[in-house]
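Engineer: The sequence and its predicted three-dimensional model are supplied below.
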Amino acid sequence: MLDDDKPCGVTAIGRCGTCRQAFCLTHQAHELNGWGHPGLCAPCLARGRREAEERAATERAARQDAYRLLRAEAAEQTPLLMAQLLATGLPGAVRRHRTEEGTPYFLKPQRRFRTVRVKPDALPPGNMAWMLPDLDTAGHPLVPTRMETGLTHDGQLVMMSGGSAKICTSAENEITLYELLRRALAGPDEH
């Protein structure tokens, strides 16, 4: 194996399957856990990792560019799509319901639950993130939680379960709303 363009002088134990160069134990490709690659030299392993990292960086940059373009398109088009959808009168609006704990009866002390209608009706665009308390954590901090979300006749986003919370102002929610509005305007047969 050549080391800085000079032979290292150690007896070769194998030949690299990539560059066909003979290598000694020192120049054999090794993983961090100490295992060696029987048919690969260290320079080829390093070159392969470097190329893989460069490909991953290029792909990541392309995904980020596409995401930025989609966010810009969503920011521009969402108000227009919302106005178009509200102008249709939301023909697919459905009733919203919430489950509440009912009052136990005298002879039946177990908990009873009932379904209560919540107004106004809403067009269910899909799941979006809402800030809801985490009941499993002390202090109940608010955490983003995906909930079925609907669009009312006046353009408000509401939880279909009828709960009240603050919707997350995230790029993911913006893009989700944009895509759902596009689908709702396209009609059921074009999805």
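Structural biologist: Happy to help now that I have it.

Engineer: mind listing the helices in this protein by residue range?
Structural biologist: Counting by DSSP state H, one finds helices in the chain at the ranges 42-87, 171-186.

Engineer: in the sheet, who's paired with the residue lying closest to E172 once chain neighbours are set aside?
Structural biologist: Of all residues beyond its chain neighbours, the one nearest E172 is A129 (6.7 Å), with distances taken as Cβ to Cβ, 6 or more residues apart in numbering. In short, each C-beta sits where N, CA and C put it, glycine included. A129 has the following beta-bridge partners by DSSP bridges: R146.

Engineer: can you pull the contacts of A129?
Structural biologist: Going by Cβ atoms under 8 Å, 6 or more residues apart in numbering, A129 touches P144, T145, R146, M147, I167, C168, S170, E172, N173.

Engineer: Please apply the same query to R68.
Structural biologist: Residues in contact with R68, defined by Cβ under 8 Å, 6+ apart, are absent; none qualify.

Engineer: Kindly provide the distance from it to A56.
Structural biologist: Applying Cβ to Cβ, to the nearest Å, the value for R68 to A56 is 19 Å.

Engineer: right, and I175 touches L70 too?
Structural biologist: Yes. Assessed by Cβ atoms under 8 Å, I175 is found in contact with L70 at 5.9 Å.

Engineer: Which pLDDT value belongs to the residue lying closest to H37 once chain neighbours are set aside?
Structural biologist: Closest residue in space to H37, ignoring its immediate chain neighbours: A29 at 4.1 Å, by Cβ to Cβ, 6+ apart. Per-residue confidence (pLDDT) for A29: 89.

Engineer: Run a quick neighbour tally on A29.
Structural biologist: Counted with other Cβ atoms under 10 Å, residues neighbouring A29 total 22.

Engineer: Tell me, what's the model's pLDDT at L185?
Structural biologist: 79.

Engineer: right, and it touches L86 too?
Structural biologist: No. Under the criterion of Cβ under 8 Å, L185 is not in contact with L86, lying 10.8 Å apart.
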